[in-house]
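Could you look at this predicted model? Sequence included:
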Amino acid sequence: MPKTIYVVDDEKNIRQIIRSYLEKEGYTVSEFENGEDALAGFNAAMPDMLVIDIMMPGMSGFELCNEVRKKANVPIIIVSARDEELDRILGIEMGADDYIPKPFSPREMVARVKAVFRRIDGMQGDKNANTYSCRDIKIFPIERRVVKVCGEVEEEINLTAMEYDFIFFMVSNKNRVFTRSQLLTNIWDYQYIGDTRAVDDLVKRIRKKLDAAATDFKIETVWGYGYKVTDPSEPAKE
């Protein structure tokens, strides 16, 4: 069954260009010219991904992203003519899976969409696997859920798609150190034009959620190199 993508942009020609290229790749695309209509469409039928412009009259792309994140972890790609660091950080903090500045190549847009879907599909884990554990957290790959375990009680940690994929990758590779560039390649599934700040922003956001859950699970910084997750119950990997 083809995946459904909502394209939200107040510029009709941009919506039509994105739609044309995505439909050629077999995706089902619905267009929305403002955030209010897109949110109504989202509430009526959840898509597999949203491609959202930031600057729109009425509800902005950031506001729409925030409303979507209150309800689901569906992948979001933000597109904007404002290629400023603050906007990129805000997009990441609000749970966007990617940020593409305008003007952009439609082929690059398609490649980014495919990369996000490939990452999500590829990180679901073995369908026959039960769970992955590290310290006091447990991962359910099929449901893409992470919970904190305290005795018989399981407390779900609410994560975005990108946050989940980061934790899943790190737990799948416990006791190994990864550079920021390696994490970009393995989790984002493409070269992020050398902007390793995206990794730091993502880790910062995940740490806030882990702290709020009071979990023993930690993402450790290896200064001058990258990040790792340690599990004292397992030997370090070469």
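Structure received. Residues are numbered from 1 along each chain as shown.

Please count neighbours and contacts with C-alpha atoms only from this point.
Will do.

Now do residue 60, the pLDDT please.
pLDDT recorded at residue 60 is 90.

Report how many residues lie close to the nearest residue to residue 35 once chain neighbours are set aside.
Spatial nearest neighbour of residue 35, chain neighbours left out: residue 59 (5.1 Å); criterion: C-alpha to C-alpha, 6 or more residues apart in numbering. If you count neighbours by other C-alpha atoms under 10 Å, residue 59 ends up with 17.

I figured residue 59 was touching residue 36, is that so?
Yes: here residue 59 reaches residue 36: they are 6.3 Å apart, a contact under C-alpha atoms under 8 Å.

what are the bridge partners for residue 80, then?
Assessed by DSSP bridges, residue 80 has beta-bridge partners residue 101.

my read: it touches residue 53, true?
Yes: counting by C-alpha under 8 Å, residue 53 is a contact partner of residue 80 at 5.5 Å.

Compare neighbour counts for the two and give me the winner.
residue 53 (30 against 21).

pLDDT score for residue 128?
At residue 128, pLDDT is 47.

cool, the one 5 residues further on as well?
Residue 133 is assigned a predicted lDDT (pLDDT) of 90.

and it, how many neighbours?
So residue 133, with other C-alpha under 10 Å, has 17 neighbours.

Show me which helix or strand of this structure is least confident by mean pLDDT.
Lowest on mean pLDDT, DSSP states H and E among the helices and strands of the chain sits helix 85-93, with a mean of 65.

quick one: low-confidence ranges for this structure?
The model of the chain has pLDDT under 70 over residues 82-93, 122-129, 189-195, 234-238.

domains of it?
For the chain, the structural domains run 4-122, 132-228, going by automatic domain parsing.

how far is the shortest one from where the chain is centred?
The chain centroid and the centroid of domain 132-228 are separated by 12 Å, computed with C-alpha atoms, centre = their mean, to the nearest Å.

Begin at 265, not 1, for the rest of this chat.
Got it, first residue is 265 now, which makes that one domain 396-492.

Shouldn't residue 467 be within a helix?
Yes: secondary structure of residue 467 (DSSP: H, G, I helix; E, B strand; the rest coil): part of a helix.

which SS class is residue 380?
helix.

Kindly report the same for residue 411.
Reduced to three states by three-state DSSP, residue 411 is strand.

Distance-wise, check the closest residue to it other than its chain neighbours relative to residue 317.
Leaving aside its chain neighbours, residue 411 sits nearest to residue 420 (4.1 Å; criterion: C-alpha to C-alpha, 6+ apart). In this structure, residue 420 and residue 317 are 31 Å apart, going by C-alpha to C-alpha, to the nearest Å.

Quick one: residues in contact with whichever helix or strand residue 282 is part of.
Here residue 282, judged by DSSP states H and E, is contained in helix 276-288. Helix 276-288 has contacts (C-alpha atoms under 8 Å, 6 or more residues apart in numbering) with 271, 272, 273, 292, 293, 294, 295, 297, 370, 371, 373, 374.

centroid residue for this structure?
Nearest to the mean C-alpha position of the chain, counting by C-alpha atoms, centre = their mean, stands residue 426 at 2.6 Å.

so who does it touch?
Contacts of residue 426 by C-alpha under 8 Å, 6+ apart are 359, 360, 361.

Many thanks, have a good one.
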